[in-house]
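Colleague: I would like to see how this sequence folds:
(one chain, ligands or ions: 1)
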Amino acid sequence: MRYHESIIDLVGNTPLVRLNKVAEGISATVLAKVEYFNPGGSVKDRIAIRMIEAAEASGALKPGGTIVEPTSGNTGVGLAIVAQQKGYHCIFVCPDKVSTDKINVLRAYGAEVVVCPTAVAPEHPDSYYNVSDRLVRETPGAWKPDQYSNPENPASHYHSTGPELWDQTEGRITHFVAGVGTGGTISGTGRYLKDASGGAVKVIGADPEGSVYSGGTGRPYLVEGVGEDFWPTAYDRSVADEIVPVSDKDSFQMTRRLAKEEGLLVGGSCGMAVVAALRVAERLGPDDVVVVLLPDSGRGYLSKIFNNEWMQDYGFLDEGGTEAVAVDVLARKDAQEH
Ligand code: PMP
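Modeller: Residues are numbered from 1 along each chain as shown. Have a look, this model is predicted:
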């Protein structure tokens, strides 16, 4: 019989898929590492396992303990799955702007979710930061992974994502492109690929325009999961050779093309990373192999990036383009009916 002992044995070893249509006219090979094949649907399953196993080994997390983390997204799902399989309880703290669908996913996996008001100052006792700190202090056996400062976050990529890419490309990878959020993916994977290639592999970060990594101040942008307004310690500034800033509009238009033209229903940070990868690949030749990491699936963004009205409201659909025209027709029909 061929089977796995538990769902967490399926984390990692995600496939590499060539990008064809969106990379037309580019002579380099552009490959995507598709992380939605992880059981929790994102790259964050990798860090969840490693952070939890390191905390078990150090004694920071004891049998029956509680994991407390301020997260609403992919990291929460990864932690929730690993925690339930290993018998831990999870409490996640999220701001009230998070969609009920995302909160319900975490609850479906058995986690407790505490929702905090967004409209209060960080020093207010009900703020996201204060509530999670208080929960850690007041919950017996609580442990906070803190993906932004936990060295096991980049280490998970040094020990899994990096070696997988080196092996899958038979050492022929020349460029690695990834979005930067906590910085764990680019720092760990990038460091491994540089070590394995004697420094030959170039590492490129993709960043939303306005975020600190590409020289901004943290100005708001809509791409989720990437960009910051501070410098996390999980990010090793010595790894990336270049940071490419990408606009929300370019990120979301590419995200939609990946679904329509490559059959890849992925999230907005994936579109962003592909825009950066193609900008790099345009400068390269036929011997170059560019790998871009796609962190999650598009299922979590159906009412935003994959919703024409939402795209149109933000001016992300091209004026006069077929999708923009379709929205106008729907709006006119709506007006006639009311
Ligand atoms: N994209 C998405 C959707 C994410 O959730 C994250 C993680 N915050 C990233 C990209 C960036 O990965 P990292 O935190 O490893 O820099």
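Colleague: Residue 200 reaches residue 173, doesn't it?
Modeller: No - contact criterion CB atoms under 8 Å: residue 200 and residue 173 do not qualify, at 9.3 Å. Quick note: C-beta positions are derived from backbone N, CA and C, even for glycine.
Colleague: Figure out the length between the terminal residues of stretch 233-248.
Modeller: 26 Å (CA to CA, to the nearest Å).
Colleague: Let's test this: mean pLDDT of that stretch, rounded?
Modeller: Averaged across stretch 233-248, the pLDDT comes to 97.
Colleague: what comes up buried for it?
Modeller: 234, 235, 239, 240, 243, 244, 245, 246, 247, 248 (16 or more other CB atoms under 10 Å).
Colleague: Phi first, then psi, for the first one.
Modeller: What that stands for is residue 234. phi -70, psi -20 (degrees, to the nearest 10).
Colleague: how close does it sit to the ligand?
Modeller: Residue 234 sits 7 Å away from the ligand, going by CB to the nearest ligand atom, to the nearest Å.
Colleague: give the contact list for that residue.
Modeller: Residue 234 is in contact with 147, 148, 149, 150, 151, 153, 154, 182, 183, 184, 187, counting by CB atoms under 8 Å, 6 or more residues apart in numbering.
Colleague: One more pass at 6 Å, please.
Modeller: Residue 234 is in contact with 148, 153, 154, 182, 183, 184, counting by CB atoms under 6 Å, 6 or more residues apart in numbering.
Colleague: tell me, how many neighbours does the last one end up with?
Modeller: Burial measure for residue 184: 33 neighbouring residues, criterion other CB atoms under 10 Å.
Colleague: Report the contact partners of the nearest residue to it once chain neighbours are set aside.
Modeller: Leaving aside its chain neighbours, residue 184 sits nearest to residue 153 (3.6 Å; criterion: CB to CB, 6 or more residues apart in numbering). Contact analysis of residue 153 by CB under 6 Å, 6+ apart lists 47, 147, 182, 184, 234.
Colleague: how near is the fourth one to residue 330?
Modeller: So that's residue 184. For residue 184, the distance to residue 330 equals 41 Å [CB to CB, to the nearest Å].
Colleague: ok so, going back, where does the residue nearest to residue 184 fall, helix, sheet strand or coil?
Modeller: helix (DSSP: H, G, I helix; E, B strand; the rest coil).
Colleague: Can you verify residue 12 is assigned to a helix?
Modeller: No - checked against three-state DSSP, residue 12 lies outside a helix; its state is coil.
Colleague: ok, it to residue 319 distance?
Modeller: 43 Å.
Colleague: picking up where we left off before, just send the contacts of residue 234 back as TSV, with distance to residue 289 and pLDDT too.
Modeller: Shown next, in TSV, are these (distance: CB to CB, whole Å; pLDDT from 0 to 100):
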residue	distance to residue 289	pLDDT
148	31	94
153	26	98
154	23	98
182	26	95
183	24	98
184	23	98
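Colleague: Of those, which pair is most distant in space?
Modeller: Maximum pairwise distance among the contacts of residue 234 (CB to CB): 11.1 Å, between 148 and 154.
Colleague: between residue 200 and residue 173, who's got more neighbours?
Modeller: residue 173 (23 against 11).
Colleague: Shouldn't the more buried one be within a helix?
Modeller: No - checked against three-state DSSP, residue 173 lies outside a helix; its state is coil.
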